[in-house]
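[1] Sequence and predicted structure, then a few things I'm wondering about:
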Amino acid sequence: YNLVRAVIYQAAQQAGAAPRSFSFTRVKRILKVYGAKIAAATTVEETERLVALMNHAIGQAKLYPRKKKRPAYPREIWHSAKPFPRRKAQS
């Protein structure tokens, strides 16, 4: 969680956008794919190339802005159930 948030924060600084404008799930999946490739890289140049590709992919993981604000609906009140009828006394 903290790694994904840190990467989102860095990408937001580079893009000049708010960190909340990036998709957490997409960034997590990108890190999962590129993390293994970066760990398996044998040269520094290959690592830098993969990091650049990862940053490019993360830059494209932005969320679409909502078209309009959702209306706030008043809360519904649930009516309490009617009590059971009284039992008739048996004589």
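    Looks like it came in fine. Residues are numbered from 1 along each chain as shown.
[2] Look up how far Y1 lies from H79.
    H79 is 42 Å from Y1, where distance means CB to CB, to the nearest Å. (C-beta placed from N, C-alpha, C; glycine too.)
[3] correction: K88
    From K88 to Y1 the distance is 62 Å (CB to CB).
[4] Where does the prediction get shaky in this structure?
    89-91 (pLDDT under 70).
[5] can you rerun that using 50?
    Along the chain, no part satisfies pLDDT under 50.
[6] So which residues of it form helices?
    2-15, 24-40, 44-59 (DSSP state H).
[7] As a markdown table, these with distance to P74 and mean neighbour count would be great.
    A markdown table is the format used below for the helices of the chain (distance: least, CB to CB, whole Å; neighbours: other CB atoms under 10 Å):
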| stretch | distance to P74 | mean neighbour count |
| --- | --- | --- |
| helix 2-15 | 35 | 15 |
| helix 24-40 | 31 | 14 |
| helix 44-59 | 40 | 14 |
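[8] For R75, which of these is the nearest?
    In terms of CB to CB, the element of the helices of the chain nearest to R75 is helix 24-40, at 28.9 Å.
[9] about what we covered before: quick one, which of the helices of the chain gets closest to F84.
    Across those, closest to F84 is helix 24-40 (CB to CB), at 48.6 Å.
[10] Export the closest one to CSV, keeping only CA atoms.
    The C-alpha coordinates for helix 24-40 follow below in CSV (Å, rounded to 0.1, in the frame of the first residue of the first chain):
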residue,chain,number,x,y,z
PHE,A,24,-4.8,3.0,-7.2
THR,A,25,-5.6,-0.4,-8.8
ARG,A,26,-4.0,0.4,-12.1
VAL,A,27,-0.8,1.7,-10.5
LYS,A,28,-0.7,-1.4,-8.3
ARG,A,29,-1.0,-3.7,-11.3
ILE,A,30,1.7,-1.7,-13.2
LEU,A,31,4.0,-2.0,-10.2
LYS,A,32,3.4,-5.7,-10.0
VAL,A,33,4.3,-6.2,-13.7
TYR,A,34,7.3,-3.9,-13.8
GLY,A,35,8.6,-4.8,-10.3
ALA,A,36,9.5,-8.3,-11.3
LYS,A,37,11.1,-7.1,-14.6
ILE,A,38,13.2,-4.4,-12.7
ALA,A,39,14.3,-7.0,-10.1
ALA,A,40,15.4,-9.3,-12.9
